[in-house]
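**Q** how would this look folded up:
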Amino acid sequence: MFVLSSPSGAGKTTLSRLLLRADAKVELSVSVTTRPQRRGEVDGRDYHFIDRGRFAAMVKKGELLEWAEVFGHRYGTPRRPVTKALQAGCDVLFDIDWQGTQQLREKARDDLVSVFILPPTAQELERRLNRRAQDTKAVIASRMAKAAGEMSHWPEYDYVVVNRDKAEAFAEVRAILAAERLKRDRQIGLSAFVRRLQAKL
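**A** Residues are numbered from 1 along each chain as shown. Here you go, the predicted structure:
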């Protein structure tokens, strides 16, 4: 399970999309959310948009790996598609916040790699939020006010990437993923492979 987190506007969603396009062995965990669908978003691709009643039922039945309330809306990770993807040998990408990451770590510490994305400056973060043109000035001000608190969680992550340049940050994220895949305990069948090699010597 490969987590990318960041304050809103720092680039985790952009980096996630680049990774999904570049690596066929990575599947996106599509969250459920109670927030309204934004212009250009596709239900089932960006999020599964559901009402609060359905969300509460999923929580009660234990159908979510993690969930959190952010800016007055609930977000959560459905358990079943994640389990299915992992069993098929894929890595699962999570575009979630620090609260969700903490919950995942409690449930799957050994199979979780977490990366925190930081903006290069506060001014650049605000510029990116304005450039997105998705939110009102009040919402952008709220996101900026919350960013410092979100950034305080960076020490809880395995890796930190400062997103000064999109291509450079993407290369660093891919390097992290490659290194984690090469860890001895993640290489399925490695012991048998080495035994076969030794038998030929």
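**Q** use CA for all of it now, contacts and neighbours both
**A** OK.
**Q** neighbours around Val26, how many?
**A** Using other CA atoms under 10 Å, Val26 is surrounded by 21 other residues.
**Q** ok, it - contacts?
**A** Val26 sits next to Leu19, Leu20, Cys90, Asp91, Val92, Leu93 when contact means CA atoms under 8 Å, 6 or more residues apart in numbering.
**Q** next, the closest residue to the fourth one other than its chain neighbours: phi, psi?
**A** Spelled out, that is Asp91. Leaving aside its sequence neighbours, Asp91 sits nearest to Val26 (CA to CA, 6 or more residues apart in numbering; 4.8 Å). Here is the backbone geometry of Val26 (degrees, to the nearest 10): phi -110, psi 130.
**Q** likewise Val92?
**A** phi -110, psi 120.
**Q** what of Ala10?
**A** Dihedral pair for Ala10: phi -80, psi -10, per degrees, to the nearest 10.
**Q** what about the nearest residue to it once chain neighbours are set aside, neighbour count?
**A** Once flanking residues are discounted, Ala10 sits nearest to Pro119: 4.9 Å by CA to CA, 6+ apart. Neighbours of Pro119 under the rule other CA under 10 Å: 22.
**Q** that older thread, and the two most separated of the contacts of Val26?
**A** With distances taken as CA to CA, the most widely separated pair in the contacts of Val26 is Leu19 and Cys90, at 13.3 Å.
**Q** those two: which is more packed in?
**A** Taking other CA under 10 Å, Leu19 and Cys90 do not tie; Leu19 has more neighbours (21 against 17).
**Q** and the more buried one, what element?
**A** Assigned by DSSP states H and E, Leu19 belongs to helix 12-22.
**Q** quick one: the strands in this protein?
**A** 2-5, 26-28, 32-33, 48-49, 64-70, 73-78, 91-95, 113-118, 159-162 (DSSP state E).
**Q** of all those strands, which lies closest to Arg143?
**A** With CA to CA as the criterion, Arg143 lies closest to strand 64-70 of the strands of the chain, at 10.2 Å.
**Q** what's the closest one packed up against?
**A** Under the contact definition 3 or more CA pairs under 8 Å, 6 or more residues apart in numbering; DSSP states H and E, strand 64-70 sits against strand 73-78, helix 98-108.
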